[in-house]
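*Asks:* here is the input, now give the coordinates:
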Amino acid sequence: MLLTPPQRMALLSILAALITLALKFTAYLATGSVSLYSDAMESFVNLAAAVVALIVLTVVAIPADEGHPYGHDKAEYFSSGVEGGLILLAAVTIIYEAIRRLWHPTPVTDLGTGLVISVLASGVNGVVAWLLLRAARRHDSITLEADAKHLLTDVWTSIGVVAGLAILLFAPPSWLILDPIIAILVALNIILTGVDLLRRSMNGLMDATLPADELSQIRALLEAAMPVESSYTDLKTRKAGARRFIDFKLRVPGNVPVSVAHGWCDQLENELAKALSNVVVTIHVEPK
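*Replies:* Purely as a prediction, here's the structure:
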């Protein structure tokens, strides 16, 4: 079976995670820095999340069937939820190790080599994150978007770690406490990313309405394209993966033939499909 474009991007993310994981753990083992350990742990989460993303995107690609007549798009929200949970788990592990180092400081060694390796790994993550974001926008995939934003978070935290540890190259030994402090700051930043992914996952699973800008666009389009002496009520919207669902009642004059009302529905559906991608529209016709 041929892989879909989102699945191919997930495979690229897995490859990038394996490369950066190897590089960052090499940097940690070379230096013994708990800050670099925290950076490496996030790469481990990147790998797990990328594998989950590939599995979920494979499920999403399965056509609708008798048991799932609306398709499998909502599986994408499980991916972002799992990734958010893994991020929080990594953050707790980092904080635990950092606190242990605060009580028992350990000198770092060969810091220059470790920082160079970390910068190289961040470059790999940055390029892949950019590619994933482009693919996420193109395919309207929350799974790819979550993976991309996670990688971008990894890039920024790596920059912070490298900048902080670079100070230790020239600082006196008493500044060694800066290493676990940086690790804790990295963990707190990771927690924010994890909580945001969990929030978005919950909103998707609970059928939250479409974003305000899209909702305004839908209302404006319906007002402009509404047939004469007709109106709409009970507008409901939701999103499942990349698909948008729009549901409303079309109130028409009682003397309008069914065939004419059906034609009006087709026209409204076509207008909505032009304005928004992956739209499923359900219109209930009612007499005024």
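
*Asks:* shouldn't residue 122 be in contact with residue 160?
*Replies:* No - taking contacts as CB atoms under 8 Å, residue 122 lies outside contact range of residue 160: 10.5 Å. Yep, even glycine has a C-beta here, placed from its N, CA and C like the rest.

*Asks:* so between these two, which is more surrounded?
*Replies:* residue 122 (23 against 16; other CB atoms under 10 Å).

*Asks:* give me the element the more buried one is part of.
*Replies:* Taking DSSP states H and E as the criterion, residue 122 maps to helix 111-139.

*Asks:* and residue 280, by the same measure?
*Replies:* strand 279-287.

*Asks:* got the domain ranges for this structure?
*Replies:* 5-205, 212-287 (automatic domain parsing).

*Asks:* residue ranges for the helices of the protein, please.
*Replies:* Along the chain, counting by DSSP state H, helices occupy 5-31, 34-60, 75-103, 111-139, 142-168, 178-205, 212-225, 258-275.

*Asks:* between the first one and helix 142-168, how big is the angle?
*Replies:* This means helix 5-31. 20 degrees (axes from the mean of the first three to the mean of the last three CA atoms, to 10 degrees).

*Asks:* and the domains of the chain, which is most packed in?
*Replies:* domain 5-205 (a mean of 20; mean count of other CB atoms under 10 Å).

*Asks:* chain center to that domain: distance?
*Replies:* 12 Å (CA atoms, centre = their mean, to the nearest Å).

*Asks:* again with stretch 278-288
*Replies:* Centroid separation for stretch 278-288 versus its chain: 31 Å, with CA atoms, centre = their mean.

*Asks:* export the helices of the chain to TSV and tack on mean pLDDT?
*Replies:* Below are those laid out as TSV (pLDDT from 0 to 100):
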stretch	mean pLDDT
helix 5-31	89
helix 34-60	81
helix 75-103	77
helix 111-139	88
helix 142-168	78
helix 178-205	78
helix 212-225	91
helix 258-275	90
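
*Asks:* residues contacting residue 26?
*Replies:* Counting by CB atoms under 8 Å, 6 or more residues apart in numbering, residue 26 makes contact with residue 117.

*Asks:* measure it to residue 125 for me?
*Replies:* Residue 26 sits 15 Å away from residue 125, going by CB to CB, to the nearest Å.

*Asks:* same check on residue 74?
*Replies:* As judged by CB to CB, residue 74 and residue 125 stand 28 Å apart.

*Asks:* again with residue 194
*Replies:* 17 Å.

*Asks:* residue 67 too?
*Replies:* Relative to residue 125, and taking CB to CB, residue 67 is found at 38 Å.

*Asks:* how about residue 8?
*Replies:* For residue 8 relative to residue 125 (CB to CB), the value is 18 Å.

*Asks:* can you check residue 83 too?
*Replies:* Relative to residue 125, and taking CB to CB, residue 83 is found at 15 Å.

*Asks:* for residue 214, same thing?
*Replies:* Noted for residue 214: a distance of 30 Å to residue 125, by CB to CB.

*Asks:* nearest residue to residue 137 in space, please, no chain neighbours.
*Replies:* Nearest non-adjacent residue to residue 137, counting by CB to CB, 6 or more residues apart in numbering: residue 145, 8.0 Å away.

*Asks:* ok, that neighbour touching residue 134?
*Replies:* No - the criterion here is CB under 8 Å, and residue 145 misses it with residue 134 at 10.6 Å.

*Asks:* tell me the pLDDT of the residue of the chain most remote from its centre.
*Replies:* Distance from the centre of the chain peaks at residue 255, with 49.4 Å (CA atoms, centre = their mean). The predicted structure scores residue 255 at 87 on the pLDDT scale.

*Asks:* how far away is it from residue 288?
*Replies:* Distance of residue 255 to residue 288, computed by CB to CB: 10 Å.

*Asks:* spatially nearest residue to residue 230 (excluding sequence neighbours)?
*Replies:* In space, and not counting its chain neighbours, residue 230 is closest to residue 252: 4.8 Å by CB to CB, 6+ apart.

*Asks:* give me the beta-bridge partners of the one you found?
*Replies:* Beta bridges link residue 252 to residue 287 when assigned by DSSP bridges.

*Asks:* per-residue pLDDT, it?
*Replies:* pLDDT, read off for residue 252, is 91.
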